[in-house]
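In: okay, structure incoming, though there's no sequence with it:
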C-alpha cells in the first residue's frame, strides 16, 4: 500500500531488492529545493526509516551541494536536519524577496549597488539576532526579555561572599 503513496517515479525505491545505499544515493541526487520532494518520500516506511537514520548525513550533503552558507547564516541548536534546512530555504527566500524590493530600479529609495552586500548581510544578521533572542528567552535569561532582571540579579549574586559591615 505504501507504494501508491510515493510520488510517481520513485515507487521503485520501495523495493526490498534495492540496497539501502542506492536508495540513499538516489535521494542525495534529487534537488532539495524547499524539501517537499524529500519529505514526500517519507510516505514509505522503509524510506522514512532510512531518512531518519541518515538524516544528518543527508542534510550535510544537501547543505554542501545547494546551501553552502546555511550553517553560518542560520545557526541551529539541536534541530540540525532536513526540517532546519527547509527553514533555511524559507529564510533565504524572504531575504531574496526583501532584497528584490530594496534594489528595485523604480524604488525611489533603492539601495545603492555598492551597499547591496551590506544590506544583505544586515538582513541575515537580523535572523541571527532573532535566533539568539529565541534561545536566550527559552533559557529564561533573555537579553530581550527584561522582566525579572532584579530577581535574576539577586539569584546570581546570592552565592557571592558578602562584605562585612564595619560597625565600629
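Out: Perfect, I can see it now. Here the structure is a predicted model, which means the values were calculated and not measured.

In: got the domain boundaries for the protein?
Out: The chain breaks down into these domains under automatic domain parsing: 1-66, 70-141.

In: turn those into CSV, including mean neighbour count.
Out: Heads up, the C-betas are built off the backbone N, CA and C, glycines and all. Shown next, in CSV, are the domains of the chain (neighbours: other C-beta atoms under 10 Å):
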stretch, mean neighbour count
domain 1-66, 14
domain 70-141, 13
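
In: format these as TSV; extra columns: mean pLDDT.
Out: Output for these, formatted as TSV (pLDDT from 0 to 100):
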stretch	mean pLDDT
domain 1-66	82
domain 70-141	84
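
In: quick check: what element follows whatever helix or strand residue 50 lives in along the chain?
Out: Element membership of residue 50, judged by DSSP states H and E, is helix 45-53. Using DSSP H and E, the helix or strand that directly follows helix 45-53 along the chain is helix 55-66.

In: which is the next helix or strand following that next one?
Out: Reading on from helix 55-66 to the C-terminus, the next helix or strand found by DSSP H and E is helix 70-73.

In: check which helices and strands that following helix sits against.
Out: Helix 70-73 makes packing contacts with helix 82-103, helix 116-138 when contacts are defined by 3 or more C-beta pairs under 8 Å, 6 or more residues apart in numbering; DSSP states H and E.

In: what residues are up against residue 38?
Out: Applying C-beta atoms under 8 Å, 6 or more residues apart in numbering, we find residue 38 in contact with 27, 30, 32, 51, 58, 82.

In: what of residue 59?
Out: Contact analysis of residue 59 by C-beta under 8 Å, 6+ apart lists 80, 81, 82, 84, 85.

In: got CSV for those residues, with distance to residue 92 too?
Out: Listed next are these as CSV, based on distance: C-beta to C-beta, whole Å:
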residue, distance to residue 92
80, 17
81, 17
82, 15
84, 13
85, 11
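
In: nearest to residue 131, of those residues?
Out: Closest approach between the contacts of residue 59 and residue 131, by C-beta to C-beta: residue 84, at 11.0 Å.

In: and the closest one, how far from residue 54?
Out: According to C-beta to C-beta, to the nearest Å, residue 84 and residue 54 sit 15 Å apart.

In: quick check on residue 34: phi, psi?
Out: Main-chain dihedrals, residue 34, degrees, to the nearest 10: phi -110, psi 10.
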